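Enquirer: sequence first, then the predicted structure, then my questions.
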Amino acid sequence: MSERVVVTGMGLVTPLGRGVEETWRRVVAGDNAIGAIRRFDPTGFDVRFAAEVPDPGWPAGLDPHRLYGGLGALSYDLKGRLTAVALVEALHQAGWEVAPEGQDPRVGVCIGSEAARPPLSALHARLADPRPPTHEELLALAPEAPTRLAAALAGAGGPRSTISTACTSSSQAVGEGALRIRRGEVDAMIVGGVDVLVDPIMVTGFSLLGALSTRNEDPARASRPFDIDRDGFVLGDGAGFLVLEREDRALARGARPLAVISGYGCSCNAWRITDSPPDGRGAASSMAAALRDAGLAPQAIGYINAHGTSTQQNDASESAGIHRVFHAVGTHPAVSSTKSLMGHLVAACGAVEIALCALAVRDGVLPITRNLERPSPECELDHILGQARRVPVQHTLSNAFGFGGSNGSVVVSAVDG
């Protein structure tokens, strides 16, 4: 493998909290962030609960109208505010200047994101307004709006790309960013993802697909990955960003590496849009590719942060994939799904869960799967139940498997691993 790619900064805004340490503290405690929808009146909806993120506001002292490319409109959009708050935290931790005057062509950006979803009230007002939309308003709706904002905040003048592969978006953004550094195209990458899912259109759409849990009377127990009584996932909002750097560059400038992105693999199921193959072959292919890229045997992985959505098909398929890659060679890594705590953040979930893997290797703490009371027979794994497992791990694996059959797996390792 070429020069190691290290994480030097992380930023999170999740249903469990604003900031990396607050989110991690509550993850370790096994707290619940799922409750009744408050952003709109869900009366009459089949699903009336979610994992919302309170509006964090725009970062103090940062003027969005000073950023290049007409990005002022993003300060009025929740997705833009989540991006700014999480990324500013990551830049501060990495010791980078926020919104510098110049742009560094050796710094790139790769963000996982979907198109903005304005509230219905805003859409109604827009349709009633005879004035054509402004350039700023149109730019703020594009899937790549957070990518432009991230480039402005980081002073990144290098390659810039947006990945929109549903639930796999930000996992692939992290992996592709690491590959750019290893190929020598850049010295550093700003990577991550953001999504805002709790709105009437998304709740209705996923309900019609039959993908959401309908435990309206007990939302705290609704997300139950791998449990025999699981009945669907829970929508959430959030943002997660990481600063990736070539290790020698990071050390030369006095940065403290937090973890290593040591392997990345992706695959396509080529199966059905909303289903996963029962034999788990797509998931297995992705995980095996990540291990090959990291130069690791399956036995080296101590923990898997599973995609674990709490749907019947995903959990069974992912379990089958884990059996194919790990159990078949006699190794049984610990497994948990943190979606049981904070819901499914879709385009943001991969980056958030990769950050949690970095914290797991930092602290030697592995989170639980909340609400897993009776593991389904087809999901027999070394589940972490009851309370966080305190055990040192050198190598972890984060899985993200999306609608449409896109799969991404990232190996996150300890700096001294």
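Expert: Received it, and whenever you're ready, just let me know what you need.
Enquirer: low-confidence bits of the stretch 151-300 of the chain, can you list those?
Expert: Counting by pLDDT under 70, the stretch 151-300 of the chain has low-confidence residues at 273-274.
Enquirer: which residues in it form helices?
Expert: For the stretch 151-300 of the chain, the helices defined by DSSP state H, counting those that start in this stretch cover 169-182, 200-208, 247-252, 281-294.
Enquirer: so which of these is the most surrounded?
Expert: Among the helices of the stretch 151-300 of the chain, helix 169-182 has the highest mean neighbour count (mean count of other C-beta atoms under 10 Å), at a mean of 27. In this view, the C-beta of every residue, glycine as well, is placed from N, C-alpha and C.
Enquirer: wait, a strand at Glu22?
Expert: No. Applying DSSP: H, G, I helix; E, B strand; the rest coil, one finds Glu22 to be helix, outside a strand.
Enquirer: hang on, the earlier thing: now the helices of the stretch 151-300 of the chain as JSON lines including distance to Glu318?
Expert: Shown next, in JSON lines, are the helices of the stretch 151-300 of the chain (distance: least, C-beta to C-beta, whole Å):
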{"stretch": "helix 169-182", "distance to Glu318": "13"}
{"stretch": "helix 200-208", "distance to Glu318": "19"}
{"stretch": "helix 247-252", "distance to Glu318": "31"}
{"stretch": "helix 281-294", "distance to Glu318": "5"}
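Enquirer: out of these, the one nearest Arg106 is which?
Expert: Relative to Arg106, the nearest member of the helices of the stretch 151-300 of the chain by C-beta to C-beta is helix 247-252, separated by 8.8 Å.
Enquirer: can you dump the C-alpha coordinates of the closest one into CSV?
Expert: Taking C-alpha atoms only, helix 247-252 is exported to CSV below (Å, rounded to 0.1, in the frame of the first residue of the first chain):
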residue,chain,number,x,y,z
GLU,A,247,0.2,10.9,6.7
ASP,A,248,3.6,12.6,6.1
ARG,A,249,1.9,15.9,5.3
ALA,A,250,-0.2,15.7,8.4
LEU,A,251,2.8,14.9,10.6
ALA,A,252,4.9,17.6,9.0
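Enquirer: list of residues touching that helix?
Expert: Glu3, Arg4, Val5, Val6, Thr8, Asp187, Ala188, Pro257, Val260 (C-beta atoms under 8 Å, 6 or more residues apart in numbering).
Enquirer: so which of these are in strands?
Expert: Secondary structure from DSSP state E places Val5, Val6, Thr8, Ala188, Val260 of the contacts of helix 247-252 in strands.
Enquirer: need those residues in JSON lines (columns: neighbour count).
Expert: Output for those, formatted as JSON lines (neighbours: other C-beta atoms under 10 Å):
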{"residue": "Val5", "neighbour count": "26"}
{"residue": "Val6", "neighbour count": "27"}
{"residue": "Thr8", "neighbour count": "25"}
{"residue": "Ala188", "neighbour count": "26"}
{"residue": "Val260", "neighbour count": "25"}
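Enquirer: most widely separated two among those?
Expert: Ala188 and Val260 (14.5 Å).
Enquirer: what about the longest helix seen in the chain, average pLDDT?
Expert: Determined from DSSP state H, the single longest helix within the chain is helix 78-94. Per-residue pLDDT values over helix 78-94 give a mean of 96.
Enquirer: in its sheet, what does the helix or strand following it sit against?
Expert: Next along the chain after helix 78-94, taking DSSP states H and E as the criterion, comes strand 107-113. Sheet pairing of strand 107-113 (DSSP bridges) gives strand 160-163 (parallel), strand 188-196 (parallel).
Enquirer: tilt between the longest one and helix 78-94?
Expert: Which is strand 188-196. 150 degrees (axes from the mean of the first three to the mean of the last three C-alpha atoms, to 10 degrees).
Enquirer: alpha carbons of strand 188-196, as PDB, please.
Expert: Extracted in PDB, the C-alpha atoms of strand 188-196 (Å, rounded to 0.1, in the frame of the first residue of the first chain):
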ATOM      1  CA  ALA A 188      -5.800  16.100   1.400                       C
ATOM      2  CA  MET A 189      -9.500  15.600   0.900                       C
ATOM      3  CA  ILE A 190     -12.600  17.000   2.600                       C
ATOM      4  CA  VAL A 191     -15.100  14.100   2.600                       C
ATOM      5  CA  GLY A 192     -18.400  13.200   4.200                       C
ATOM      6  CA  GLY A 193     -22.100  13.500   3.700                       C
ATOM      7  CA  VAL A 194     -25.300  15.300   4.700                       C
ATOM      8  CA  ASP A 195     -29.000  14.600   4.400                       C
ATOM      9  CA  VAL A 196     -32.300  15.900   5.700                       C
END
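Enquirer: what is the end-to-end distance of stretch 251-271?
Expert: 44 Å (C-alpha to C-alpha, to the nearest Å).
Enquirer: what's the answer for stretch 254-263, then?
Expert: OK, stretch 254-263 end separation, C-alpha to C-alpha: 24 Å.
Enquirer: now it: buried residues?
Expert: For stretch 254-263, a neighbour-count test (16 or more other C-beta atoms under 10 Å) marks Ala255, Pro257, Leu258, Ala259, Val260, Ile261, Ser262, Gly263 as buried.
Enquirer: which residue comes closest to the third one once chain neighbours are left out?
Expert: Taking C-beta to C-beta, 6 or more residues apart in numbering as the measure, Leu258 lies nearest to Val7, with 4.7 Å between them; neighbours along the chain are not counted.
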